[in-house]
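Engineer: the following block contains a protein sequence and its predicted model.
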Amino acid sequence: MAMSRTIWLLLLLLWSGALRGQEDRATARETAGAGGATGAAAEEGRPARTWLEAQIALTRRGFSCGSIDGKAGPQTRAALRVFQAHEGLRANGVLDNATAEALALRGPDFAQREVTAADLARLQPLASTWLGKSRQRALAHESILEMFAEESHAHPALVRELNPGIDWARVGEGAWVTLPDVTREAPPPDARAARVLVFIGERMLQALDEDGRVLAHFPVSIARYVEKRPLGSLKVTVVIPDPDYTFAPDNFPESAEARELGQKLILAPGPNNPVGVAWIGLDRPGYGIHGAPEPEKVGRTESHGCFRLANPDARLLLELAWVGMPVEVLE
């Protein structure tokens, strides 16, 4: 009898948890449809009570959670801890009342974005081979879903969830899409970092001001092999938006195509370029901080040696970086 009660209690708890999850997702969709808070509450700011709201608020302030997905994953908790320390709060990665109040959301949580003819014109299928990519005029987004997800720092799965009525295979000009509103509040447009710190163990990169305060925080992918991680003091030698990419077969020993090609190739700029939308070169040959395709994988996968950021994060760091800026790579 006791065993039967225990089983029923466990089933009830599991059912309650699933129901709460469904209610949270439904609330997010309803809030998105309404555009979030408006009026005085929007102007004064309101506490970020859900993880989705917290991710939006953190992203607006330059504390990147990776791809916004509404979940309390490791990258989100890491960003929250850095924000808490920045605000003088207990850095525990918990969305408690004090943290929710500090993450004051101003303006709507979501924005409506129209699909335009210009958006559709920029789309382009991506070749599956290095040689094929080298023959393309641009390595652009392949779909509106990919474009809009990256634009709003969001995981494609969240964009789908916020827009259940959209057929992404047939979305056309004039369609309206609900996206997280990540209009930047900080750092200011004229901000410049004094230095950058890369933490290998935590897989995070931070831009600091002259007082050592965090201007921006990002998840980062690091080299798979320890011997390819450039520990110590480095400096920025070049800052390039929308770079092209030189494919060198020696850097891809695992690729059968690279071994067969035996020659370097130049790949055109674009968000699906291997270095994404930004290149911040370092004073060690071949090393740099750069963007990356598939932003949702940054910090979860490993690189061949450089430091990879999600494309939106790389664009922000590009604004803060300058030739000669110190970069410290720490264990």
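Structural biologist: That came through, no problem. Numbering: from 1, shown residues only.

Engineer: so what are the domain limits for this protein?
Structural biologist: The chain breaks down by automatic domain parsing into domains covering 43-109, 112-180, 195-242+277-330.

Engineer: is it possible to get CSV of those domains that adds mean pLDDT?
Structural biologist: Converted to CSV, those look like this (pLDDT from 0 to 100):
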stretch, mean pLDDT
domain 43-109, 97
domain 112-180, 98
domain 195-242+277-330, 95
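
Engineer: could you dump the ones you listed to JSON lines with mean neighbour count and distance to residue 265?
Structural biologist: (Glycine included, C-beta is placed from N, CA and C.) Formatted as JSON lines, the domains of the chain follow (neighbours: other Cβ atoms under 10 Å; distance: least, Cβ to Cβ, whole Å):
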{"stretch": "domain 43-109", "mean neighbour count": "20", "distance to residue 265": "29"}
{"stretch": "domain 112-180", "mean neighbour count": "16", "distance to residue 265": "4"}
{"stretch": "domain 195-242+277-330", "mean neighbour count": "19", "distance to residue 265": "16"}
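
Engineer: save those domains as a markdown table, and put in distance to residue 264 too.
Structural biologist: As requested, those are exported to a markdown table (distance: least, Cβ to Cβ, whole Å):
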| stretch | distance to residue 264 |
| --- | --- |
| domain 43-109 | 32 |
| domain 112-180 | 9 |
| domain 195-242+277-330 | 13 |
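
Engineer: closest to residue 261 out of those domains?
Structural biologist: domain 112-180 (6.7 Å; Cβ to Cβ).

Engineer: which stretches in the stretch 201-331 of the chain count as strands?
Structural biologist: 204-208, 214-219, 232-241, 245-247, 265-267, 278-282, 288-290, 307-308, 326-330 (DSSP state E, counting those that start in this stretch).

Engineer: Serialize those strands to a markdown table and add fields for distance to residue 52.
Structural biologist: Formatted as a markdown table, the strands of the stretch 201-331 of the chain follow (distance: least, Cβ to Cβ, whole Å):
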| stretch | distance to residue 52 |
| --- | --- |
| strand 204-208 | 21 |
| strand 214-219 | 18 |
| strand 232-241 | 30 |
| strand 245-247 | 34 |
| strand 265-267 | 35 |
| strand 278-282 | 27 |
| strand 288-290 | 28 |
| strand 307-308 | 25 |
| strand 326-330 | 32 |
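
Engineer: which among the ones you listed is found nearest to residue 195?
Structural biologist: strand 326-330 (4.3 Å).

Engineer: re earlier: closest to residue 151 out of the strands of the stretch 201-331 of the chain?
Structural biologist: Closest among these, using Cβ to Cβ: strand 278-282, at 15.2 Å.

Engineer: residues contacting the nearest residue to residue 232 once chain neighbours are set aside?
Structural biologist: Leaving out its chain neighbours, the residue that sits closest to residue 232 by Cβ to Cβ, 6 or more residues apart in numbering is residue 329, at 6.1 Å. Residues counted as contacts of residue 329 (Cβ atoms under 8 Å, 6 or more residues apart in numbering) are 198, 200, 229, 230, 231, 232, 234.

Engineer: residue 87 too?
Structural biologist: Neighbour list for residue 87: 99, 102 [criterion: Cβ under 8 Å, 6+ apart].

Engineer: would you say residue 113 is within a helix?
Structural biologist: No. Counting by DSSP: H, G, I helix; E, B strand; the rest coil, residue 113 falls outside a helix, being strand.

Engineer: this completes my enquiry, with thanks.
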